[in-house]
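Peer 1: Based on what follows, work out the 3D shape:
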Amino acid sequence: MVSLSTSRHFHPFVDPVTKVVSYVLDAGLPGLQQSFYFVNRAMDKQGRYLWFYCYFPPATYRVLGVMDFEDDCVRCFPETQFLGGPLVDVDSGECIFASPQGFYSKSPKQKAAVKICDLPGEITKYGSPSSLATHLTYSPDKSELFLDARVNDRFILGTLRLSDGSFTVWKEYDYCRNHAQFNPVNGDLVLFAEDHWNDHINGSRHPIRYNCKGEFMRLWTLTRDGKETLYPPLDLQRATHEWWSRDGKTLYYCKYTSLEEGNNGVTGISLETGEHKVYCPVPAWHAFSSLRDDFFVYDENEVFYRGTPSRVGFYNYKTKKQLFIVSQNPALAPADRPSVYHLDPHPQLVCKDKYVCYTLAQKGYTEVALTETAPLLSRTAHD
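Peer 2: Coordinates of the predicted model:
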């Protein structure tokens with residue numbers, strides 16, 4: 001297989017401030033590319049396939065593309081317009097996505113996507129869904145996908161069995177519930193978020209709520225039998241962009257005081273001990289943890305809007321040292337005219353933590369980049 005330094009499809013980008021080296025994908029495709037949402041890893045364990053999003057302004061839809069490190073080829077699949085975040089099988093390299101026509105699997109070398117099943121009738125009986133899953137996740141045994149569907153102003157959480165397309169509703173809501181994620185080791189437990197949303201009928205805006213104790217009601221878990229548990233953020237602050245540790249024992253999120261004051265720490269809650277603490281005292285907007293929770297990657301911004309200026313950082317939890325992978329991504333849109341695309345860097349750790357994968361924006365448009373973690377660990381080690 002080719003490597004980042006030998007592939008004809010990558011060129012180095014050296015951050016002008018920190019001198020960290022990233023490798024940027026030269027896809028050779030029409031349109032623009034960006035990395036996956038941070039929760040769903042875009043690369044298989046073996047490091048052969050790198051999946052990414054392709055979009056074609058002014059069209060607002062996105063489709064899938066893939067880089068094959070064995071034959072050094074990049075492919076785009078126009079038939080894979082998806083509804084919600086796709087899921088890469090990190091063992092096989094295949095990708096599962098949802099569309100208005102059903103659920104499909106796409107192999108990097110198949111000529112056509114293979115249909116898994118139709119959309120569940122338990123969802124479509126309410127109308128045409130505007131979303132089926134914020135980001136698809138597997139059950140630990142890969143027999144099910146978890147969906148957080150929205151149809152008009154109804155929000156439906158449940159499991160789709162891949163063998164026969166049957167759907168089991170875990171819970172239905174009339175207030176926005178999304179960002180659902182299967183626990184990596186417990187197939188009877190999911191993490192989900194209460195989120196702000198706009199009413200489809202009258203356009204009214206609904207914020208994330210506080211309960212009577214003054215606790216921000218963002219972070220929840222749900223069990224297969226319908227039991228909900230609220231996890232209030234630390235110090236009565238707010239929470240955003242949550243995920244599971246790889247062993248399923250810690251619920252991580254990015255903590256903040258207010259949109260004006262910004263974020264102030266990557267925070268975790270141990271499901272076993274109840275310990276609740278800040279792991280990384282950095283202003284992370286999205287973040288992701290390593291296999292052993294010994295280092296983190298994150299992005300940050302000073303003002304939040306689609307297309308805002310951003311940075312991408314690395315935090316060594318063992319040494320408490322931080323390093324910017326990208327010290328500054330310039331704005332991709334003005335604040336008074338935000339982009340219609342979701343353009344945050346969304347860094348994630350892929351290929352068994354060998355690389356950081358993220359969206360780079362140095363040229364006024366988005367590109368997919370990979371950074372090796374070994375040099376980052378070396379540079380943040382103890383003196």
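Peer 1: and G65, how far is that from T267?
Peer 2: G65 sits 34 Å away from T267 when distances are taken as CB to CB, to the nearest Å. C-betas here are computed from N, CA, C, even on glycine.
Peer 1: In the protein, where is pLDDT below threshold?
Peer 2: For the chain, the stretches with pLDDT under 70 are 259-260, 383.
Peer 1: buried ones in the longest helix along it?
Peer 2: Assignment by DSSP state H gives helix 373-379 as the longest helix of the chain. Judged by neighbour count (16 or more other CB atoms under 10 Å), helix 373-379 contains these buried residues: T373, L376, L377.
Peer 1: Can you dump the C-alpha atoms of it in CSV for me?
Peer 2: What follows is helix 373-379, C-alpha atoms only, in CSV (Å, rounded to 0.1, in the frame of the first residue of the first chain):
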residue,chain,number,x,y,z
THR,A,373,-0.3,11.1,16.0
ALA,A,374,3.2,9.7,16.8
PRO,A,375,4.9,13.1,16.2
LEU,A,376,2.2,14.9,18.3
LEU,A,377,2.8,12.5,21.2
SER,A,378,6.5,13.0,20.9
ARG,A,379,6.3,16.8,20.9
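Peer 1: How many residues are close by D235?
Peer 2: 12 (other CB atoms under 10 Å).
Peer 1: so the nearest residue to it once chain neighbours are set aside, which of the three states?
Peer 2: With CB to CB, 6 or more residues apart in numbering as the criterion, D235 has its nearest non-adjacent residue at 7.9 Å, and that residue is K255. Under DSSP: H, G, I helix; E, B strand; the rest coil, the three-state class of K255 is strand.
Peer 1: residue ranges of the helices in this structure, please?
Peer 2: Going by DSSP H, the chain shows helices at 121-124, 373-379.
Peer 1: closest one to T221 among the ones you listed?
Peer 2: Closest to T221 of the helices of the chain, according to CB to CB: helix 121-124, at 21.9 Å.
Peer 1: what's next to the closest one, contact-wise?
Peer 2: Outside helix 121-124, the residues within contact range by CB atoms under 8 Å, 6 or more residues apart in numbering are P129, L132, L147, A149, V151, I156, G158, F167, V169.
Peer 1: Check stretch 323-332 too.
Peer 2: Outside stretch 323-332, the residues touching it (CB under 8 Å, 6+ apart) are 15-18, 20, 22, 297, 307-314, 316, 339, 343, 345, 347, 356, 358, 360-362, 364-366, 371, 376, 379-380.
Peer 1: And for stretch 159-171?
Peer 2: Against stretch 159-171 from outside (CB under 8 Å, 6+ apart): 103, 116-118, 120-123, 139, 142-147, 156-158, 177, 190, 222, 224, 226, 228.
Peer 1: gap between the two ends of that stretch?
Peer 2: Stretch 159-171 has an end-to-end distance of 10 Å (criterion: CA to CA, to the nearest Å).
Peer 1: Show me which positions of it end up buried.
Peer 2: T159, L160, L162, G165, F167, W170, K171.
Peer 1: Over to stretch 315-332?
Peer 2: Neighbour counts over stretch 315-332 (16+ other CB under 10 Å) mark Y315, N316, Y317, K321, L323, I325, V326, N329, A331, L332 as buried.
Peer 1: can you pull the contacts of the second one?
Peer 2: When contacts are counted by CB under 8 Å, 6+ apart, N316 touches D294, F295, Q322, L323, L376, L377, T380, A381.
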